[in-house]
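> got a sequence here, can you model it:
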Amino acid sequence: MAVTVLDASALAAVVFDEPEAAPVLASVRGDPVAPSLIRYELASVCTVKQIRHPGRAEEIDARHRLLSRLALTTHEPDWDDLPRLARRWALSAYDAAYLQLALALDAPLVTLDARLAAAWDDAIAAKDSA
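The predicted structure is shown next:
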């Protein structure tokens, strides 16, 4: 079964109907997956959006509730290995969780985060040369 790992930046673009949603959706091949921490990250994005746009708080909350209707499979990270991977690619532990999952599932990673995208490219290159 083909899957694509979506990070919080990519999924937030879709859930909150941001301009980047169309390219994100076009990049997804197969079922979307993410580390379980994505729910926390999307709740945080929702909160920030509501603070910045109080007049749209109900609309933003409704968009956030769409997340529970998505066919998104979540996975627990390998907590013991996460700090090593984060250090190796100079990422936060949060971002490393997405990289870790994509590498473990041998799946593409869709992100709007340039630093995570660069780490993904480097990790794939290292894997291919090994």
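
> number of residues surrounding L85?
Applying other CB atoms under 10 Å, we find 20 other residues in the vicinity of L85. In this view, the C-beta of every residue, glycine as well, is placed from N, C-alpha and C.

> no wait, C46
Taking other CB under 10 Å as the criterion, the count of residues near C46 is 20.

> pLDDT weak spots in the chain?
Segments of the chain classed as low confidence (criterion: pLDDT under 70) are 130.

> quick one, strands of it?
3-6, 31-35, 73-75, 109-110 (DSSP state E).

> and the nearest residue to Q100 once chain neighbours are set aside, what does it touch?
Of all residues not flanking Q100 in the chain, L85 sits nearest, at 5.3 Å (CB to CB, 6 or more residues apart in numbering). Residues near L85 by CB atoms under 8 Å, 6 or more residues apart in numbering: 91, 96, 99-100.

> picking up where we left off before, looking at the strands of the chain, which is buried most?
The highest mean neighbour count among the strands of the chain belongs to strand 109-110 (a mean of 25), with neighbours defined as mean count of other CB atoms under 10 Å.

> packing partners of that one?
Using 3 or more CB pairs under 8 Å, 6 or more residues apart in numbering; DSSP states H and E as the contact criterion, the secondary-structure elements in contact with strand 109-110 are strand 3-6, helix 93-105, helix 114-129.

> any idea which of the ones you listed is most buried?
Counting by mean count of other CB under 10 Å, strand 3-6 has the highest mean neighbour count of the helices and strands packed on strand 109-110, with a mean of 24.
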